[in-house]
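**Student:** No sequence on hand, only this structure:
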Ligand SMILES: [Zn+2]
């Protein structure tokens, strides 16, 4: 049912985008003079351009949180258990990662850090302290470039270079991967799955790049958190670049988020455990599947 709704939404968005594009191309290229005599078409651009923008933003948002179609191989949430996984993207960062580590240590919480390979090489001591404190590491590409437009060769280079930076600096190999901005093509997803990567996105984003007050961030996360949730923070990054932004609100919000979620009965787990539980549940349902289909055939 949910899958059907997603496919319908995909078709609706794709049709709207195509229709808008076709209209613009026709208008600007061929019918400008003729359509110009009708009042409606004279001010269509100021209306249609923002509409086009709004549809794109909604489509990207929908893609990031739900995906289109089944998107096998992407994990957005865990099974329905009273726990959540905290994840931090874009680090390590000399200013904020250590402060976040201190909070996590004080609250006795294990988290997962999706690191940018270039930042691992730049700040090796901070990267090592993340591992030393018992947190998990994920690959977030080498340079945080957009993967939707990357060729297969570029995508693999981004992933492998980050892998090399992580293994040479930290002495570990990770199979956890998160694409920048959560965007990856179906082909990219297949390439990574073949290489054994688990692609993890998120259930709730702190949206801590928006420079909201920390209490706004806390409210956003607590309101949307649910059992098996995957929560996204940033310990580095900026709106357009991979580092340089302020993560003050993340640092301020984090202890409050942990306390509030704990008071609501949530525990905190590493991403590996969350994924292992998802895969175990998947195997269970596969084992149960033949019995169901058998019953269906008899009926
Ligand atoms: Zn990122």
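**Tutor:** Received it, and whenever you're ready, just let me know what you need. As the structure is a prediction and not an experimental result, all values here were calculated from the model.
**Student:** Enumerate the residues of the protein near the ion.
**Tutor:** Applying CB under 5 Å from the ion, we find that the chain lies next to the ion at 89-90, 180. Using the backbone N, CA and C atoms, a C-beta is placed for each residue, glycine as well.
**Student:** Can you show me the helices along the stretch 51-200 of the chain?
**Tutor:** 97-107, 117-122, 124-132, 152-170, 186-194 (DSSP state H, counting those that start in this stretch).
**Student:** what would those look like in TSV with mean neighbour count?
**Tutor:** Below are these laid out as TSV (neighbours: other CB atoms under 10 Å):
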stretch	mean neighbour count
helix 97-107	18
helix 117-122	22
helix 124-132	17
helix 152-170	18
helix 186-194	16
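**Student:** The ones you listed: which one's closest to residue 254?
**Tutor:** Across the helices of the stretch 51-200 of the chain, residue 254 has its closest neighbour in helix 97-107 (5.1 Å, CB to CB).
**Student:** packing partners for that closest one?
**Tutor:** Applying 3 or more CB pairs under 8 Å, 6 or more residues apart in numbering; DSSP states H and E, we find helix 97-107 packed against strand 83-89, helix 124-132, helix 248-263.
**Student:** Look at residue 155 and report its pLDDT.
**Tutor:** pLDDT for residue 155: 95.
**Student:** Excluding covalently adjacent residues, which one is nearest to residue 187?
**Tutor:** residue 152 (6.8 Å; CB to CB, 6 or more residues apart in numbering).
**Student:** I'd guessed that neighbour sits against residue 191; true?
**Tutor:** Yes: shown here, residue 152 and residue 191 form a contact pair, counting by CB atoms under 8 Å, at 6.1 Å.
**Student:** before we move on, back to that, deepest-packed of the helices and strands packed on helix 97-107, please.
**Tutor:** Neighbour counts (mean count of other CB atoms under 10 Å) averaged over each of these peak at strand 83-89, with a mean of 27.
**Student:** pLDDT of that one, averaged?
**Tutor:** So the average pLDDT for strand 83-89 ends up being 97.
**Student:** And stretch 208-223, by the same measure?
**Tutor:** Averaged across stretch 208-223, the pLDDT comes to 89.
**Student:** Next up, the contacts around the nearest residue to residue 258 once chain neighbours are set aside.
**Tutor:** Of all residues not flanking residue 258 in the chain, residue 107 sits nearest, at 4.8 Å (CB to CB, 6+ apart). When contacts are counted by CB atoms under 8 Å, 6 or more residues apart in numbering, residue 107 is found next to 255, 258-259.
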